[in-house]
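Q: Just to be clear, the model below is a prediction. Sequence and coordinates:
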Amino acid sequence: MTHPTLLVIAHGSRDPRHAATVHALTERVRAERPGLRVETAYLEFNAPSVPRVLERLAAEGTDEVVALPLLLTRAFHAKTDIPSVLREARTRLPRPHIRQAGVLGPSPLLNATLGRRLREAGIRPGDIPRTGLVLASAGSTDPEAIAVIAEIARELRHTGWCAVRPAFASALLPRTEDAVRALRADGVERVAVAPYVIAPGRLPDRIMAGAEAAGADVLADVLGPAPELARLLLDRYDEARVPVGASLSA
């Protein structure tokens with residue numbers, strides 16, 4: 001049985017660390033599922049573009065593609081940009097058949113990745129009850145995306161942190177530095193910042209600069225090519241390639 005090709009669609013960035021991180025993540029996905037063809041495309045800034053990859057797959061005779069947005073929330077890129085690019089490709093190319101997978105979040109696997117990065121940054125289980133956490137995302141004006149970030153912050157609060165505040169690198173307030181200072185003003189003894197972003201770039205740098213400017217005690221890394229994130233990509237791929245109610249074989 002031939003499985004659909006997985007096409008991971010990343011936003012792209014002028015920062016070379018972004019594409020390097022996406023590459024490392026897709027390599028981990030390949031290692032998790034040998035034999036699965038995994039391709040990568042970008043909406044902007046990086047090559048190859050989504051149309052170019054789909055044209056190549058069509059020329060090679062690929063029958064089916066699962067297009068997976070490398071996005072944490074359903075905001076503008078997931079609702080507008082990617083569907084538009086895929087719709088245009090479907091009108092031009094007789095094949096492959098293209099299915100769009102869901103965005104990555106919310107998911108317990110993303111929360112597990114956040115936990116991994118915080119532990120790597122020095123957080124120990126005994127630290128959590130006296131530590132306030134800033135959940136720092138890129139930011140969006142989309143109400144659905146904003147609601148998801150707020151819900152994740154509430155979920156994290158129930159895992160033992162003494163306080164959790166969302167923060168945003170763009171579009172919304174508070175900024176990371178404001179959230180760190182607000183936790184200090186509330187008397188929180190220790191503050192950790194967890195970037196809820198996949199790869200380095202301009203907005204993650206803004207998050208990290210804000211954390212450092214406000215004197216956060218712990219600054220975690222971006223989610224990056226974590227094993228939990230690779231498994232999540234495969235979960236979303238499997239959900240998209242199998243019709244609802246059908247059984248999933250290997």
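A: Received it, and whenever you're ready, just let me know what you need.

Q: Identify the single longest helix in this protein, thanks.
A: Longest helix in the chain, counting residues (DSSP state H): helix 16-32.

Q: which other residues reach it?
A: 6, 8, 10, 12-13, 36, 38, 40, 42, 45-46, 70, 198-201, 222, 224-225, 227, 229-231, 233-234 (Cβ atoms under 8 Å, 6 or more residues apart in numbering). All C-beta atoms are positioned from the backbone trio N, CA, C, and that covers glycine.

Q: Let me know the helix or strand that Glu88 is in.
A: helix 82-92 (DSSP states H and E).

Q: Check which strands are paired with the helix or strand just after that helix and give the direction for each one.
A: The helix or strand immediately downstream of helix 82-92 is strand 97-100, counting by DSSP H and E. According to DSSP bridges, strand 97-100 has the following sheet partners: strand 64-69 (parallel).

Q: List the contacts of the partner strand.
A: 4-9, 50, 54, 57, 77-78, 82, 86, 96-101, 103-104, 233, 236-237, 240-241.

Q: chain center to the longest helix of the chain, what's the gap?
A: From the chain centre to the centre of helix 16-32 is a distance of 12 Å (Cα atoms, centre = their mean, to the nearest Å).

Q: neighbouring contacts of the helix or strand of the chain with the lowest mean pLDDT?
A: The weakest-scoring helix or strand in the chain, judged by mean pLDDT, DSSP states H and E, is helix 76 (a mean of 82). Outside helix 76, the residues that touch it by Cβ under 8 Å, 6+ apart are Ser140, Asp142.

Q: how does it look with 7 Å?
A: Asp142 (Cβ atoms under 7 Å, 6 or more residues apart in numbering).

Q: one step back: restricted to buried residues, select the contacts of helix 16-32 in ChimeraX.
A: This is how ChimeraX selects the buried members of those, with burial counted by 16 or more other Cβ atoms under 10 Å:
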select :6,8,10,12,13,38,40,42,46,70,198,199,200,201,222,224,225,229,230,231,233,234
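
Q: Mind checking which of the contacts of helix 16-32 land in helices?
A: Per DSSP H, those map to helices at Pro227, Leu229, Ala230, Arg231, Leu233, Leu234.

Q: how about those residues in CSV, adding pLDDT?
A: Shown next, in CSV, are those (pLDDT from 0 to 100):
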residue, pLDDT
Pro227, 98
Leu229, 98
Ala230, 98
Arg231, 98
Leu233, 98
Leu234, 98
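
Q: Which of those sits closest to Glu155?
A: Leu229 (17.6 Å; Cβ to Cβ).

Q: quick one: contacts for the closest one?
A: With contact set as Cβ under 7 Å, 6+ apart, Leu229 has these partners: Leu25, Leu109, Thr113, Leu223.

Q: So for the longest helix of the chain, mean pLDDT?
A: Averaging pLDDT along helix 16-32 gives 98.

Q: got the CA positions of that helix in PDB?
A: Backbone C-alpha positions of helix 16-32 (Å, rounded to 0.1, in the frame of the first residue of the first chain) are rendered in PDB as follows:
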ATOM      1  CA  PRO A  16      18.300  31.000   8.400                       C
ATOM      2  CA  ARG A  17      17.700  29.300  11.700                       C
ATOM      3  CA  HIS A  18      14.000  29.000  10.800                       C
ATOM      4  CA  ALA A  19      14.500  26.700   7.800                       C
ATOM      5  CA  ALA A  20      17.300  24.800   9.600                       C
ATOM      6  CA  THR A  21      14.800  24.000  12.500                       C
ATOM      7  CA  VAL A  22      12.100  23.000  10.100                       C
ATOM      8  CA  HIS A  23      14.600  20.700   8.300                       C
ATOM      9  CA  ALA A  24      15.600  19.100  11.600                       C
ATOM     10  CA  LEU A  25      12.000  18.500  12.500                       C
ATOM     11  CA  THR A  26      11.100  16.800   9.200                       C
ATOM     12  CA  GLU A  27      14.200  14.700   9.500                       C
ATOM     13  CA  ARG A  28      12.900  13.500  12.900                       C
ATOM     14  CA  VAL A  29       9.500  12.700  11.300                       C
ATOM     15  CA  ARG A  30      11.200  10.600   8.700                       C
ATOM     16  CA  ALA A  31      13.100   8.800  11.400                       C
ATOM     17  CA  GLU A  32       9.900   8.100  13.300                       C
END
